[in-house]
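[1] give me the fold of what follows.
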Amino acid sequence: MITPEYVRRMAAYNTWQNQQITQAMEGLGTEALTRDRDAFWGSILATANHILWGDGVWMTRFDGGPGPGVPMSESATMHPTLAAWSAERFRMDGRIRLWAEGLRAVDLAGPHRWYSGVLGREVEKPMALVVMHMFNHQTHHRGQIHAMLTEAGVEAPVSDLFLMPEMS
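    Numbers count the residues shown, from 1 in each chain. Next up, the predicted model:
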């Protein structure tokens, strides 16, 4: 279904996108970052926090490291400032890349089993599918941030995968 190279490419894309989103967010003040913009998670910073939360949940399932430490209901407020979010985002992106670098094809084969707090039960899905889901979740919510940044008057970053510098 997917290969370790795909995962490494998506991990690099994730880092590139988050660097650009961070730069765009730095152009806004706290009020603009935290203003409710009628998005699913409310504000730009809340949505960025939720992406980070999701990454933490998936990575603890994939690499056994620490999770986000808060339930999904608190994901939007995990890091109340851009500085706190940015520092943790940087660490998480490194963690994702490090995990991706160590993947072998066999690691993506077969089922993956975990307890879903959201569903309140054990879940088993193909490992390749849940890895793709993690990257899809990031992209989905970054699209929401892109729209909110545009609405806030900030030039939103380039998000096309084929324009990623490593691809040129």
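[2] so for the longest helix along the chain, what gets flagged as buried?
    Across the chain, the longest stretch assigned as helix under DSSP state H is helix 127-151. Of the residues in helix 127-151, 127-128, 130-132, 134-135, 137-139, 141-142, 144-146, 148-149 count as buried by neighbour count, 16 or more other CB atoms under 10 Å. To be clear about C-beta, it is placed using only N, CA and C from the backbone, and glycine gets the same treatment.
[3] quick check: the gap between Ala12 and Glu166.
    6 Å (CB to CB, to the nearest Å).
[4] find the nearest non-adjacent residue to Arg61, please.
    Among residues not flanking Arg61 along the chain, Trp114 sits closest, at 4.8 Å (CB to CB, 6 or more residues apart in numbering).
[5] what's opposite the one you found in the beta bridge?
    Val123 (DSSP bridges).
[6] who's in contact with it?
    Each residue near Trp114 by CB atoms under 8 Å, 6 or more residues apart in numbering is listed here: 61, 122-123.
[7] just the buried subset of those, please.
    Those of these that meet the buried threshold are Arg61, by 16+ other CB under 10 Å.
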